[in-house]
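Enquirer: Requesting a structural model of the entry that follows:
(4 chains)
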2 protein chains.
Amino acid sequence: MEATPLDERKQQILKAVVADYTVTGVPVGSQVLAAKYFIALSSATIRNELADLVGTGYLQQPHTSAGRVPTDRGYRYFVDFLMDPEATSPTVRRTVKQAFETAPHSVEGILEKAAMVLAQITENVSLVTAPETSEARIKHIDLVSLESQSVLIILVLEGNLIKQTVIRLERATSQDDLSRMAAMLNRKVKGQTADELRSRLNQLGPDRDEQRQILERVIESISTHQAQRQSVVLHDGVRNLLRHPEFVEVNRLEELLELLEQGAQLAGILQQVAFDKDVEIIIGRENTSSGLRECSLVLTTYKMDERVRGTIGVIGPTRMHYGQVVARVRLVSQATSELLGPLSN
Amino acid sequence: MEATPLDERKQQILKAVVADYTVTGVPVGSQVLAAKYFIALSSATIRNELADLVGTGYLQQPHTSAGRVPTDRGYRYFVDFLMDPEATSPTVRRTVKQAFETAPHSVEGILEKAAMVLAQITENVSLVTAPETSEARIKHIDLVSLESQSVLIILVLEGNLIKQTVIRLERATSQDDLSRMAAMLNRKVKGQTADELRSRLNQLGPDRDEQRQILERVIESISTHQAQRQSVVLHDGVRNLLRHPEFVEVNRLEELLELLEQGAQLAGILQQVAFDKDVEIIIGRENTSSGLRECSLVLTTYKMDERVRGTIGVIGPTRMHYGQVVARVRLVSQATSELLGPLSN
DNA sequence: GTTAGCACTCGCGGATCGAGACTGCCAATA
DNA sequence: TATTGGCAGTCTCGATCCGCGAGTGCTAAC
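Expert: I've put the predicted structure just below:
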């Protein structure tokens, strides 16, 4: 499997195989290629080229007398060098626009809509990670008295992202006292990030024990990456997978669902997406996770306030229309970023 | 299909058929019944009884020379009259207990955990509706200044349920003014429900226009039953369905997933659950929704502060172990109610 | 009312077979 | 040397067939 540079014609043939296979789902043979894509060539010539492409590992045959199918390596070559940039159709753009029009003014709401519409227009499963909050600015803090010594801390972060946590104080404190304390805290922490706050924590005198306790809890609640949610990753569109013939075998689906519903492992994978790239594509066995052996991921990031905050993308069968999916993932990512921007205020 | 009262032996045979079929998944024949459940009787006698039960619509045969399978009517008779009350095993109770130990102090967190553990112990899909909030007491209200004229309203309801909404004021208002207004509103609305608030709205003088505007929005945001969420219903455990042989046909699964992912229709069904019953079971075609023709629902309610607030239950294939599922749904419902109680404070 | 016996029905799994699709190879060609 | 037509060979897929086994319904005897 040495890195064989492909000559022009082999490239065109590989491209045609990928194109045809992604549409039909049937192994594509030399005659079809000659008839549909290479009228100037005979099927025999193409057969020779196909044999070479199999030899170099870009194509494979399900069995001796079948057409050819791209290998993971073939798809990789395709997306790296052969894929044409595709524009999104006006219909799709309108769908996205309309979906976001009804989105509420909160990060969660917008991301949920994004997951929904992305699943819809790509006909795959969409993935969206919750935004990274460790460097999100604090907008507002509020303390609400519950029972005697319990206090509910409410935290509003950039993007109207709300975090809540309950803390027990050492002595009973009235709501009035809490309100005063909240006002004081607000002056101190407004506009800061959790990281900044942490480094400043020691500047508080030892007499401010309660404030310190609260702030520690605030930092913790921002940093824990909302571990309370069963899954850090939103997803939508599992129903779409059932329409793909590669999932009639229920086992694959089960592995995938497990991954989606428990979320932790998936979160790890998404975390590793290189933030410098435009769109990252992970194909088949390139995935470390065994449940994704026959799947591909098309991922990119979304921004808030010019900073990358999370990952958004889709997961689908290896045989997908990469050009189109890339374009649509990019579209939704941009639209999401645009909507999130103003929220950071 | 007149309502035929079944004599004792027919009842026992029906019960045995249901018991055996739910375990094996294979149509059960007269010989198996004679050998496993009725050693005193011959298979011929049982055949006669079986024929009667088919005639009266409690059983059916997949084809002429196959064993018998319960009809929806058969299951109905079983759950209404024949089902033995089952106790939950200590293992299961421990699982539930442990799951809830890590739950956060918020309604959403607890309900999410409930959905998770219920899916796990019943090996089906769990359903949990969000709590009815129109008669939930308001605990706290807070106003946060965003840009010039935008204000974020934060609302803490009973059970630390937080609602947020953004409103535009007619004139710019400073955070200090907003804080004052929030303090005033807090005195007015604390401990009230949205319904109560609505009826009192007219008592506000015309000079309090801004307050009125905010309160209207507060009421709206409580009452809209969080229409912003894509789905009012939490669910978990779709992966479990794939283990049931009845879902190898992918079509059924697709219909069901559609129902789960869009949520609206499902929410309608759950809303209609009679709140007076203990546990409600809906079997197969008793469902109005076509996607549920081959499924059964086992539903009950959960309470907060002694009042029924939402629905919790599972959805699975008609062929399920009703006794066990009922016991486990009830267990989780009780545990959930117990955890939610103290939160209402 | 119950039972043994028996003929009958039907689904399921395995074996068989032919059609069709595609290949690889070879010899001819430009 | 690259390309091409021809051809034999391979393999899958679907249809058909067949026998086994499970289970039934009926009848006659108890």
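
Enquirer: Only C-alpha atoms from now on, for both contacts and neighbour counts.
Expert: Will do.

Enquirer: Return the residues of the stretch 51-200 of chain A in contact with DNA strand D.
Expert: Residues of the stretch 51-200 of chain A lying near DNA strand D by Cα under 7 Å from any atom of the strand: A:63-66.

Enquirer: would you turn the residues you listed into CSV with distance to A:Ala183, pLDDT and secondary structure?
Expert: Compiled in CSV, those are given as follows (distance: Cα to Cα, whole Å; pLDDT from 0 to 100; DSSP: H, G, I helix; E, B strand; the rest coil):
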residue, distance to A:Ala183, pLDDT, secondary structure
A:His63, 73, 91, coil
A:Thr64, 76, 90, coil
A:Ser65, 77, 89, coil
A:Ala66, 73, 92, coil
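
Enquirer: Chain neighbours aside, what residue packs nearest to A:Ile110?
Expert: Sequence neighbours aside, A:Ala103 is the residue nearest to A:Ile110 in space, at 5.6 Å (criterion: Cα to Cα, 6 or more residues apart in numbering or on different chains).

Enquirer: Would you mind confirming that that neighbour makes contact with A:Gly109?
Expert: Yes. A contact is recorded between A:Ala103 and A:Gly109 when judged using Cα atoms under 8 Å, the distance being 6.0 Å.

Enquirer: Looking at those two, which is more packed in?
Expert: For A:Ala103 versus A:Gly109, neighbours defined as other Cα atoms under 10 Å in any protein chain shown are more numerous around A:Ala103 (20 against 17).

Enquirer: Please, which helix or strand holds the more buried one?
Expert: Secondary structure from DSSP states H and E places A:Ala103 outside every helix and strand.

Enquirer: before we move on, back to that, quick one: pLDDT of the residue nearest to A:Ile110?
Expert: According to the per-residue confidence, A:Ala103 scores 87 in pLDDT.

Enquirer: A:Arg319 too?
Expert: You'll see A:Arg319 listed with a pLDDT of 97.

Enquirer: For chain A, which helix or strand comes out least confident on mean pLDDT?
Expert: Comparing every helix and strand of chain A by mean pLDDT, DSSP states H and E singles out helix A:209-223 as the least confident one, with a mean of 77.

Enquirer: What's the first helix or strand after that one?
Expert: Proceeding N to C from helix A:209-223, the next assigned helix or strand is strand A:233-236, under DSSP H and E.

Enquirer: what's the average pLDDT for that following strand?
Expert: The average of the pLDDT scores along strand A:233-236 is 88.

Enquirer: what sits up against the strand or helix carrying A:Gly316?
Expert: Mapping A:Gly316 onto the secondary structure by DSSP H and E places it in strand A:307-317. Counting contacts by Cα atoms under 8 Å, 6 or more residues apart in numbering or on different chains, the residues outside strand A:307-317 that touch it are A:115, A:118-119, A:122, A:124-133, A:241, A:244, A:246, A:270-271, A:273, A:275, A:294-303, A:329, A:333.

Enquirer: Need the buried ones from those selected in ChimeraX.
Expert: Buried residues within these, by 16 or more other Cα atoms under 10 Å in any protein chain shown, are selected in ChimeraX with:
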select /A:115,118,119,122,124,125,126,127,128,129,130,131,133,241,244,246,270,273,275,294,295,296,297,298,299,300,301,302,303,329,333
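
Enquirer: Now narrow the contacts of strand A:307-317 to whatever sits close to chain B.
Expert: Among those, not one lies near chain B by Cα under 8 Å from any Cα of the partner chain.

Enquirer: Quick one: which of the residues of the stretch 51-200 of chain A next to DNA strand D is the most crowded by neighbours?
Expert: Ranked by neighbours (other Cα under 10 Å), these are led by A:Ala66, which has 14 neighbours.

Enquirer: if you skip the residues just before and after it, what's nearest to it?
Expert: A:Pro27 (6.7 Å).

Enquirer: who's in contact with that neighbour?
Expert: Applying Cα under 8 Å, 6+ apart, we find A:Pro27 in contact with A:21, A:61-62, A:66-69.

Enquirer: interface residues of the stretch 1-150 of chain A facing chain B?
Expert: By the rule Cα under 8 Å from any Cα, the part of the stretch 1-150 of chain A lying against chain B is A:103-105, A:109, A:112-113, A:140, A:142, A:144, A:146-147.

Enquirer: Now do the strands in chain A.
Expert: Taking DSSP state E to define them, one finds strands in chain A at A:59-60, A:69-70, A:125-129, A:138-145, A:150-157, A:161-168, A:233-236, A:280-283, A:295-304, A:307-317.

Enquirer: Could you check how far the last one is from the centre of its chain?
Expert: Relative to the centre of its chain, strand A:307-317 is centred 2 Å away, using Cα atoms, centre = their mean, to the nearest Å.

Enquirer: Show me which of the contacts of A:Pro27 is closest to chain B.
Expert: When those are compared for distance to chain B (Cα to the nearest Cα), A:Tyr21 wins out at 23.0 Å.

Enquirer: wouldn't that closest one be in contact with A:Val69 here?
Expert: Yes. In this structure A:Tyr21 lies within contact range of A:Val69 using Cα under 8 Å: 7.0 Å.

Enquirer: Between the two, which is the more surrounded one?
Expert: Set A:Tyr21 next to A:Val69 and count neighbours by other Cα under 10 Å: A:Val69 wins out with 26 against 20.

Enquirer: can you give me the helices in the stretch 51-200 of chain A?
Expert: Read by DSSP state H, counting those that start in this stretch, the stretch 51-200 of chain A holds these helices, from start to end of the chain: A:72-77, A:90-101, A:107-122, A:175-189, A:194-200.

Enquirer: And the contacts of the longest helix seen in chain A?
Expert: Counting residues, the longest helix in chain A under DSSP state H turns out to be helix A:322-344. Outside of helix A:322-344, the residues that reach it under the criterion Cα under 8 Å, 6+ apart are A:79, A:83-88, A:93, A:96, A:105-107, A:110-111, A:114, A:117-118, A:121-122, A:158-160, A:279, A:298-306, A:312-314.

Enquirer: Direction-wise, compare it with strand A:161-168 and give the angle.
Expert: 60 degrees (axes from the mean of the first three to the mean of the last three Cα atoms, to 10 degrees).

Enquirer: pull the CA atoms of helix A:322-344 into PDB?
Expert: The C-alpha coordinates for helix A:322-344 follow below in PDB (Å, rounded to 0.1, in the frame of the first residue of the first chain):
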ATOM      1  CA  TYR A 322     -19.300  13.900   0.600                       C
ATOM      2  CA  GLY A 323     -19.400  17.000  -1.600                       C
ATOM      3  CA  GLN A 324     -23.000  17.800  -0.700                       C
ATOM      4  CA  VAL A 325     -22.600  16.900   2.900                       C
ATOM      5  CA  VAL A 326     -19.500  19.000   3.300                       C
ATOM      6  CA  ALA A 327     -21.300  22.000   1.800                       C
ATOM      7  CA  ARG A 328     -24.300  21.600   4.000                       C
ATOM      8  CA  VAL A 329     -22.400  21.100   7.200                       C
ATOM      9  CA  ARG A 330     -20.500  24.200   6.400                       C
ATOM     10  CA  LEU A 331     -23.700  26.100   5.700                       C
ATOM     11  CA  VAL A 332     -25.300  25.200   9.000                       C
ATOM     12  CA  SER A 333     -22.000  25.900  10.900                       C
ATOM     13  CA  GLN A 334     -21.900  29.400   9.400                       C
ATOM     14  CA  ALA A 335     -25.500  30.100  10.100                       C
ATOM     15  CA  THR A 336     -25.200  28.900  13.600                       C
ATOM     16  CA  SER A 337     -22.100  31.000  14.300                       C
ATOM     17  CA  GLU A 338     -23.900  34.000  12.900                       C
ATOM     18  CA  LEU A 339     -26.800  33.500  15.200                       C
ATOM     19  CA  LEU A 340     -24.700  32.800  18.200                       C
ATOM     20  CA  GLY A 341     -22.600  35.900  17.600                       C
ATOM     21  CA  PRO A 342     -25.100  38.600  18.700                       C
ATOM     22  CA  LEU A 343     -25.900  36.600  21.800                       C
ATOM     23  CA  SER A 344     -22.500  37.100  23.300                       C
END
